[in-house]
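> quick one, fold the following:
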Amino acid sequence: MGWDFGATFRYQFRLSRHRWQPHETWQANRIGDWHLAHCPDLPCHDVILSDGTKAGLVLGTAVDALGQMLNGEARISEGASLQHVQAYIEGLAGRFIAILHLNAENRVYFDPTAGLSAVYSRQDRALASSVHMLLDRDIIPEPAVGADAVLKREAQFLLGETCDAECRRVMANHFLDLNTFELGRHWPKPDERFDQGGRDRAAVARQIADRLSQILGALASGASVALPLSAGTDSRILLAAATPHLSRIDSFYTHDIYRVTRFDRQGAQLLADLTGVSLQVIDRAAPEFTDFMNDEDLEDLRSRMAVRTGLAFNGIDAATTRAVSLTPGTDLVLRGNVAHMTRANKWTLQSARHGASVEDGLAALLNVRAEHLSDRLEPARLKSLRARYAAWAESLPEGVRTRLPDLAHAEVFMPTAPNNVYYAFTRNFYLNPFNDRHLINLTAWFHPLARKKGRLVMKIIGHANPALNGVPYLRDLKRAARGAMAAG
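Residues are numbered from 1 along each chain as shown. This next block holds a predicted model:
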């Protein structure tokens, strides 16, 4: 194909028993008997125990519980046991993996939503960022769902599925035991509860806003960052929390590539004007939108996107692929996908009021209502997915099972969907500042019905930058446009 390996697989990695250097620029590290090969643009940080010994490394971009961005070291000051290291990792926010070799334990931990998503194969005894990075054999097609259908957005890989029958995608909040190649849950803890009473809503929202602002400040201080804006909720939450750090954010931008994105552009401009930042518009009508890439190069890029993501994503369409390729050239692009939880996006009003069943939770992964599952899936596949979702739900501590859709969003949906998709985009390293277990815990505490009604979002923004609550959202801008058309 003539593709340059380093450019094609930017931000990717592979861990196996054998030393492997696929490209002269790729870096190599040894952790116990395991060899890590990774793109040099992925930062690497030594895990140093309190006694000074090295116990592994963190690969990727992370901010610790004190608000410091890792810069070559992850120092565990509280102790030297596996429990101390695990507690430290659980306090990290960002997009990373942590590979540990401590006593007889060889483990890989993932960030709170497996943002630096990975696949593993017990047969091949390897872990990697993508299927094509892991395999040195031909793909064994997954019989339950075809990659062609996934690329056409007619189906999706679910609950660990990949395009290869032997490769499974990791679930967040589980570690991979390299001795057995089994996943084991480490969070939430057995005694955790997400629905405990007696907490002040305003105080919890303030904690969310403050921790998010702390993470954003660390990222903006340690790297060049871009923050996309829209007329939606998630980018507004990030913008509000970033208020003390706006001068350190290098770029604010928005897309105007479809009819609906004109409203996003309008809302983004209102937010930019209110906060005094300059907004870059990636505009489909601008000559450079098409001039910088011919159709042949575009199709080649979409083919590379498919390979980067294990045949799961190919850019959707030409306009989306071009828009992503014109993203400002910063180190990081900050996205808000994990912040979906603040508005209970995986809940229906009915499940929020009465509780979510396994059926409700599975339907949420497919973005349908429970009563439509049998219309969406063949009986055998529905039966298999229902059983696997139920098994996953049983792995959760009893005290958090009232939040099934929230945990499934973090642990099951995010690693497979947006986080795997981020490998398609090699111009920047995409990262969710909301990707933090403390933030997920605090958000899940809020009742889903209150979140669906916008109460948590209003409180977070009200604490961080209350003026932003007065800017119309996408639905408001659409309604205003319809009113103007009717009046005209």
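> could you use CA atoms for every contact and neighbour count after this?
Fine.
> may I ask which helix or strand of this structure has the lowest mean pLDDT?
helix 474-487 (a mean of 82; mean pLDDT, DSSP states H and E).
> quick one: buried residues of that one?
Within helix 474-487, the residues scored as buried using 16 or more other CA atoms under 10 Å are L474, L477, K478.
> pretty sure R10 contacts W26?
No. When contacts are counted by CA atoms under 8 Å, R10 is not listed as touching W26 (9.7 Å).
> overlap in contacts of the two?
C39 (CA atoms under 8 Å, 6 or more residues apart in numbering).
> who has more neighbours out of the two?
The neighbour comparison of R10 against W26 (other CA atoms under 10 Å) goes to R10, with 22 against 19.
> and that one, how close does it get to A202?
Distance, R10 to A202, using CA to CA, to the nearest Å: 42 Å.
> swap in P190?
Distance of P190 to A202, computed by CA to CA: 27 Å.
> cool, E394 as well?
32 Å.
> compare these two (neighbour count), which wins?
A202 (15 against 11).
> so the more buried one makes contact with K459?
Yes. At 6.5 Å, A202 and K459 qualify as touching, with contact defined as CA under 8 Å.
> the strands in the stretch 151-300 of the chain, which residues?
168-169, 174-177, 182-185, 225-228, 251-256, 279-283 (DSSP state E, counting those that start in this stretch).
> wait, which of these is closest to V400?
Closest to V400 of the strands of the stretch 151-300 of the chain is strand 182-185 (CA to CA; 13.6 Å).
> low-confidence regions, this protein specifically.
Filtered on pLDDT under 70, the chain yields the residue ranges 1, 196-198, 488.
> in the longest helix seen in it, what counts as buried?
Ranked by number of residues, the top helix in the chain under DSSP state H is helix 201-222. For helix 201-222, the neighbour count (16+ other CA under 10 Å) marks 204-220, 222 as buried.
> again with stretch 303-319
303-315, 319.
> now do the end-to-end distance for it.
Stretch 303-319: ends 15 Å apart by CA to CA.
> and the contacts of that stretch?
With CA under 8 Å, 6+ apart, stretch 303-319 has contacts from 8-9, 130-132, 147-148, 150-151, 156-157, 162-163, 257, 284, 298, 302, 321, 420-421, 423-425.
> repeat for stretch 455-472
Against stretch 455-472 from outside (CA under 8 Å, 6+ apart): 202, 205-206, 208-210, 231, 233, 236-237, 240-241, 243, 267, 270-271, 274, 342-343, 446, 450-451.
> ChimeraX command to pick out the buried ones of these?
Of those, the buried ones go into a single ChimeraX selection, burial set by 16+ other CA under 10 Å:
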select :205,206,208,209,210,231,233,236,237,240,241,267,270,271,342,343,446,450,451
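> the closest residue to M414 other than its chain neighbours: neighbour count?
Spatial nearest neighbour of M414, chain neighbours left out: T113 (6.0 Å); criterion: CA to CA, 6 or more residues apart in numbering. The number of residues packed near T113 is 34, by other CA under 10 Å.
> element containing T113, please.
Using DSSP states H and E, T113 sits in no helix or strand.
> now it: how far from H174?
10 Å.
> all helices of the stretch 201-350 of the chain, in order?
Ranges of helices in the stretch 201-350 of the chain, per DSSP state H, counting those that start in this stretch, are 201-222, 234-241, 261-275, 288-291, 295-308, 318-325, 349-354.
> same question, the stretch 51-200 of the chain
82-90, 131-134, 147-151.
> comparing those helices, which comes out most buried?
Counting by mean count of other CA atoms under 10 Å, helix 131-134 has the highest mean neighbour count of those, with a mean of 22.
> just confirm Y253 contacts L227, I think it does.
Yes. Between Y253 and L227 there is a contact at 6.6 Å, judged by CA under 8 Å.
> could you check which of these two is surrounded by more residues?
L227 (23 against 20).
> any idea how far that one lies from I282?
L227 sits 13 Å away from I282, taking CA to CA as the criterion.
> return every residue with contacts to both of the two.
Y253.
> how many other residues sit next to D4?
The burial count for D4: 9, using other CA under 10 Å.
> ugh, typo on my part, it should be T320
Neighbours of T320 using other CA under 10 Å come to 14.
> swap in T261?
17.
> OK, contacts around it?
With CA under 8 Å, 6+ apart, T261 has these contacts: H255.
> and the end-to-end length of stretch 321-341?
End to end - CA to CA - stretch 321-341 spans 27 Å.
> quick one: buried residues of it?
So stretch 321-341, judged by 16+ other CA under 10 Å, has buried residues 321-325, 327-328, 330-341.
> what of stretch 342-358?
Buried residues in stretch 342-358 (16+ other CA under 10 Å): 342-348, 351-352, 355-358.
> export it as PDB, just CAs?
Listed next in PDB are the C-alpha coordinates belonging to stretch 342-358 (Å, rounded to 0.1, in the frame of the first residue of the first chain):
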ATOM      1  CA  THR A 342     -23.900  14.800  33.400                       C
ATOM      2  CA  ARG A 343     -27.100  14.700  31.400                       C
ATOM      3  CA  ALA A 344     -27.800  11.000  31.800                       C
ATOM      4  CA  ASN A 345     -27.500  10.400  28.000                       C
ATOM      5  CA  LYS A 346     -27.800   6.600  28.300                       C
ATOM      6  CA  TRP A 347     -31.100   6.800  30.300                       C
ATOM      7  CA  THR A 348     -34.600   7.200  29.100                       C
ATOM      8  CA  LEU A 349     -37.100   9.100  31.200                       C
ATOM      9  CA  GLN A 350     -38.800   5.800  32.100                       C
ATOM     10  CA  SER A 351     -35.600   4.100  33.200                       C
ATOM     11  CA  ALA A 352     -34.500   7.200  35.100                       C
ATOM     12  CA  ARG A 353     -37.800   7.200  37.000                       C
ATOM     13  CA  HIS A 354     -38.200   3.500  37.600                       C
ATOM     14  CA  GLY A 355     -34.700   2.000  37.400                       C
ATOM     15  CA  ALA A 356     -32.800   0.500  34.500                       C
ATOM     16  CA  SER A 357     -33.100  -3.300  33.800                       C
ATOM     17  CA  VAL A 358     -30.600  -5.300  31.800                       C
END
